[in-house]
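# return atomic coordinates for the entry below.
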Amino acid sequence: QVQLVESGGGLVQPGGSLRLSCEASGSIKSITAMGWYRQAPGKQRELVATYTTAGSNTNYQDSVKGRFTISRDVAKNTVYLQMNTLKPEDTAVYYCNADIQDIRTSAWSNYWGQGTQVTVSS
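Predicted coordinates:
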């Protein structure tokens, strides 16, 4: 069984910073991509940033480019999202997502974390 556990959310003032972490654990053989999505109240879930193992490629939503940085610790099966210059419109539940190969079955599946709340408000 595979789990994704996020941490690092909270309340921050506009212009502030937060760092989210997501650790994958369980029967993991390989991970090709890890990323962050967010969902604000009344809105659809949207991609924030992704990190692919092959070539260490990153991809960002336009609204967070230059402010957010995604990184990954391969040895720890962990992905991070450093969020700087936060804005009220960044308020949302942030979800970790990963494509993981199960070591028991060699099957690939897509997994979601439980989400962590980020609130940007004065």
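# check which helix or strand covers the residue nearest to Thr53 when sequence neighbours are not counted.
Of all residues not flanking Thr53 in the chain, Thr32 sits nearest, at 5.5 Å (CB to CB, 6 or more residues apart in numbering). Where C-beta positions appear, they are placed from N, C-alpha and C, glycine not excepted. Taking DSSP states H and E as the criterion, Thr32 maps to strand 28-39.
# next up, the contacts around the residue nearest to Gln39 when sequence neighbours are not counted.
Nearest residue to Gln39 in three dimensions, chain neighbours excluded: Arg45, at 4.2 Å (CB to CB, 6+ apart). Remark: with contacts taken as CB atoms under 8 Å, 6 or more residues apart in numbering, Arg45 is in contact with Tyr37, Arg38, Gln39, Tyr95.
# just the pLDDT for Arg45.
Arg45 is assigned a predicted lDDT (pLDDT) of 97.
# quick one, strands of the protein?
Counting by DSSP state E, the chain has strands at residues 2-7, 10-12, 18-26, 28-39, 46-52, 57-60, 68-73, 78-83, 92-102, 108-112, 116-120.
# any stretches of the chain with poor pLDDT?
Under the criterion pLDDT under 70, no range of the chain is flagged.
# do you know how far the residue nearest the centre of it is from Ala107?
In the chain, the centroid-proximal residue (CA atoms, centre = their mean) is Trp36; its distance is 2.8 Å. Between Trp36 and Ala107 the computed distance is 24 Å (CB to CB, to the nearest Å).
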